[in-house]
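**Student:** Quick one, fold the following:
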Amino acid sequence: MLHKTSKMQGFHIHATDGEIGHVEEFLVDENSWSVKYLVVDTGNWIGGRSVLISSAVVERIDSDEEKVHVAMTKDQIKDSPEFDENTYRDQSYRNSVGDYYSPMVRR
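**Tutor:** Numbering: from 1, shown residues only. Down below sits the predicted model:
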């Protein structure tokens, strides 16, 4: 199924052990046009941080409930790399984000 990203902004992130944030925006790979990361606002849960969640850990999207279910715990999301508006395009930053997610996406 196809989903418009503009309609998914605000969807709640549902970890394996409960809700922890909502989708702010998406980071798209400029070569493949695929969504690589979700920028997630966890402000109500962990004090105003926005973190990156790899699209590879998305298990399903529930449009009716407006939820994105991910294969991560709330603690894993809390430990996720913080989204930094100033450095997210830097290769070293992208490498560190990739390093964080690589053990989770090897299935």
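**Student:** Only C-alpha atoms from now on, for both contacts and neighbour counts.
**Tutor:** Fine.
**Student:** Now do stretch 42-50: everything it contacts.
**Tutor:** Contact partners of stretch 42-50, identified using Cα atoms under 8 Å, 6 or more residues apart in numbering, comprise Ile20, Gly21, His22, Val39, Val40, Asp41, Val51, Lys78, Glu82, Phe83.
**Student:** so how far is it off the chain centroid?
**Tutor:** Computed by Cα atoms, centre = their mean, to the nearest Å, the separation of stretch 42-50 from the middle of its chain amounts to 13 Å.
**Student:** And stretch 29-36, by the same measure?
**Tutor:** With Cα atoms, centre = their mean, you get 14 Å for stretch 29-36.
**Student:** and that stretch, which residues are buried?
**Tutor:** Residues of stretch 29-36 classed as buried: Lys36 (neighbour count, 16 or more other Cα atoms under 10 Å).
**Student:** partners of the spatially closest residue to His22 that is not a sequence neighbour in the sheet?
**Tutor:** Spatial nearest neighbour of His22, chain neighbours left out: His12 (4.1 Å); criterion: Cα to Cα, 6 or more residues apart in numbering. Note on His12: beta-bridge partners by DSSP bridges are His22, Lys67.
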